[in-house]
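Peer 1: Task: produce atomic coordinates for the following.
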Amino acid sequence: MRFGWNALRLETLDGTPWSVLDAVRGLPDTTPGEWWVQIPGAKDRPRLTVRIVAIRKSPAAGAKARRKARKDARDHGYTVAQETLEAADYVLILTTLPEAAADAAEILELYRLRWQIECAFKRLKSLHTSTNYGPSTRISRKLICWRSFSGPSW
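Peer 2: Numbers count the residues shown, from 1 in each chain. I've put the predicted structure just below:
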């Protein structure tokens, strides 16, 4: 799952605080990085070991993300943090999938494919705005998909 640079308190596996921004700053332009860290536990839940996978965005994609962060801040009346602008240059993925199942490049590719599917469903749904399928449920998504591929409705 994609996550924000400050969404979670992360630690190294030995319990030392860990900064995702400090880690990604050293990434080369097109090489993904990965780190095993943990989300600290609490009295009602155990710690969770996770893998962070990251890659630097293209300069154009990073600039677009920074513009969006500034616009969101302006629209909601707050000042965007410098760290948020820096994090806009990266795709940050959190997973529990072991390295044996998928390397960092495969994790990023799976995430990209997932987004392509999400965008396809969003597009299909927007094509059928005149038809009210009700709330976005599993059944309504199936109906949208079925209608989209079943040809014209006469």
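Peer 1: Show me what the strand ranked longest in the chain is packed up against.
Peer 2: As assigned by DSSP state E, the longest strand anywhere in the chain is strand 48-56. Applying 3 or more Cβ pairs under 8 Å, 6 or more residues apart in numbering; DSSP states H and E, one finds that strand 48-56 makes contact with helix 20-24, strand 33-39, strand 90-95, helix 104-127. C-beta: built from backbone N, CA, C; applies to glycine.
Peer 1: now the angle from it to strand 33-39?
Peer 2: Here the directions of strand 48-56 and strand 33-39 differ by 150 degrees (axes from the mean of the first three to the mean of the last three Cα atoms, to 10 degrees).
Peer 1: Excluding chain neighbours, give the residue nearest to Ile55 in space.
Peer 2: Spatially, and ignoring its direct neighbours in sequence, Ile55 is nearest to Pro32 (4.3 Å; Cβ to Cβ, 6 or more residues apart in numbering).
Peer 1: quick one: the one you found and Ala104 touch, right?
Peer 2: Yes - between Pro32 and Ala104 there is a contact under Cβ atoms under 8 Å: 4.0 Å.
Peer 1: which residues are in contact with both of the two?
Peer 2: Jointly contacting Pro32 and Ala104 under the rule Cβ atoms under 8 Å, 6 or more residues apart in numbering are Val53, Ile55.
Peer 1: Show the pLDDT at Thr131.
Peer 2: As predicted, Thr131 sits at a pLDDT of 55.
Peer 1: Work out for me the element Ala63 sits within.
Peer 2: Assigned by DSSP states H and E, Ala63 falls within helix 59-76.
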